[in-house]
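Trainee: 3D model of this:
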Amino acid sequence: MPDTHEGDARVDSTGTLTGGAGEAGKHEVRLGAVQQTLFIPLVSRARETNRWGPVLRDPKAVELVRAIGYDTKYAEVPGGWGPVLRTAVFDTYAREFLARHPAGTVVELGTGLNTRFERLDNGRLHWFDLDLPDTIELRRAFFEDTGRRRMITASALDEEWLDVVAGSPGPYLFVTEGMLAYFSEEDVHGLLTRIVRRFPGSFVVLDTYSRQMIERQQAMAAARNVSAMTWACDDPGTLEHLGLELIDSATITKPPRAMRRKLPLRYRIKLPLADREYGKAGRIAFFRVP
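Mentor: Predicted coordinates:
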C-alpha cells in the first residue's frame, strides 16, 4: 500500500466521515488485501456510536478511526447498519456464554480491530485476540497485553496457537466474525475440526453467507477492487457433521430475542422492511462442542 492513505479519521455527531487524504499525524497502515476489510466494521461501529440511540456504543472504535489513515473505499458501506447489527448479534451470544461462564476464555479469531473485549469485559474473563502479523502489529499501536488479555500473532489455520489457548482456564468460546468466508471450505472445516478435537465442551460463534450473497459480494469486490469472499454456506446446520451442535442461529434482520427487546426504535421499524432483501443473505450461528 502507498505511504499516504485517503481517509479521515473524524466521525461527526451525525456519523459522517470528514477530512482529506494523507492527513498529518495519522497512523500509517500496511495490511494485506483481506486484512484491510477490517475497516468496514470498524468505521460502521464508530458511526453508530455517534448516532442517537445506537444499537451499541464503541468509543474505542471512534478513537481508532480518528487515529488511523486508511483508504476510504472501506468506509463506503451504505449506512453501515449491517456490520453493526452483525457485531451486536455476536456480542449477544458472547454475553450468553459469559453469563454462564464468567471466568471462561474467549478467543477472537481474525480479530482485526475488534473491540469486543472493551464492551464485554466483566473483570474476570480471559481473552485472546488472534490475527496475522500485520494486523497484530497495527493492534499493538492501540492495545496492550494484560494479565487477562493477550494478542497472538498467527493464522487461524496454524495449530501452535491451540497450545497457547489451552493454557488458559476453560470453558472456551471461539468467536470468528467476518473471517471464514474468505477461506476455502477445506480450510474452514479443518479449523473447526481442530477446535472440536482439542476443546470438547467449548462453544463457537461464526457467520455464514449464502451462495447468492457470496456471488453478489464477489461482483461488488471486483467493481471496488477489494477482496472477494469464497466460502458459501446456505445452512450452518450442515456444519454439525464436523462434531458441532447448533444451539441457535440468527440473522441481522431477525436477531436473537434477547437483543431484539433492546433494539432502538429505528431498527425495530427498519428490520422487518429489510428482511426480504437481507434476511437470507447470511446467518450468525452459535454452536456447542459436545
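
Trainee: the strands in the stretch 51-200 of the chain, which residues?
Mentor: 105-109, 126-131, 149-153, 172-176 (DSSP state E, counting those that start in this stretch).

Trainee: tell me which residues in the helix ranked longest in the chain are buried?
Mentor: What stands out as the longest helix in the chain, according to DSSP state H, is helix 81-100. Across helix 81-100, burial judged by 16 or more other Cβ atoms under 10 Å covers 81-98. Bear in mind the C-beta positions are built from the backbone N, C-alpha and C, glycine included.

Trainee: ok, now stretch 239-249?
Mentor: 239, 242, 244, 246, 249.

Trainee: In JSON lines, list those residues along with distance to Ile284.
Mentor: Listed next are those as JSON lines, based on distance: Cβ to Cβ, whole Å:
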{"residue": "Leu239", "distance to Ile284": "13"}
{"residue": "Leu242", "distance to Ile284": "18"}
{"residue": "Leu244", "distance to Ile284": "14"}
{"residue": "Leu246", "distance to Ile284": "12"}
{"residue": "Ser249", "distance to Ile284": "7"}
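
Trainee: Max pairwise distance over those: which two?
Mentor: For the buried residues of stretch 239-249, the maximum inter-member distance is 15.6 Å, found between Leu242 and Ser249 (Cβ to Cβ).

Trainee: pretty sure Pro59 contacts Glu48?
Mentor: No. With contact defined as Cβ atoms under 8 Å, Pro59 and Glu48 do not form a contacting pair (11.4 Å).

Trainee: Which one of those two is surrounded by more residues?
Mentor: The neighbour comparison of Pro59 against Glu48 (other Cβ atoms under 10 Å) goes to Glu48, with 27 against 14.

Trainee: so what's the more buried one up against?
Mentor: By Cβ atoms under 8 Å, 6 or more residues apart in numbering, the contact set of Glu48 is 15, 54-56, 58, 80-81, 84.

Trainee: among those, which two are most distant?
Mentor: Asp58 and Trp81 (14.1 Å).

Trainee: quick revisit: which one of the strands of the stretch 51-200 of the chain lies nearest to Trp231?
Mentor: With distances scored as Cβ to Cβ, the stretch of those nearest to Trp231 is strand 172-176 (11.8 Å).

Trainee: Pairing partners for the closest one, with directions?
Mentor: strand 105-109 (parallel), strand 203-209 (parallel) (DSSP bridges).

Trainee: Same list (the buried residues of stretch 239-249) but as CSV, adding distance to Phe39, pLDDT and secondary structure.
Mentor: Shown next, in CSV, are those (distance: Cβ to Cβ, whole Å; pLDDT from 0 to 100; DSSP: H, G, I helix; E, B strand; the rest coil):
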residue, distance to Phe39, pLDDT, secondary structure
Leu239, 28, 98, helix
Leu242, 31, 98, helix
Leu244, 30, 98, coil
Leu246, 31, 98, strand
Ser249, 27, 98, strand
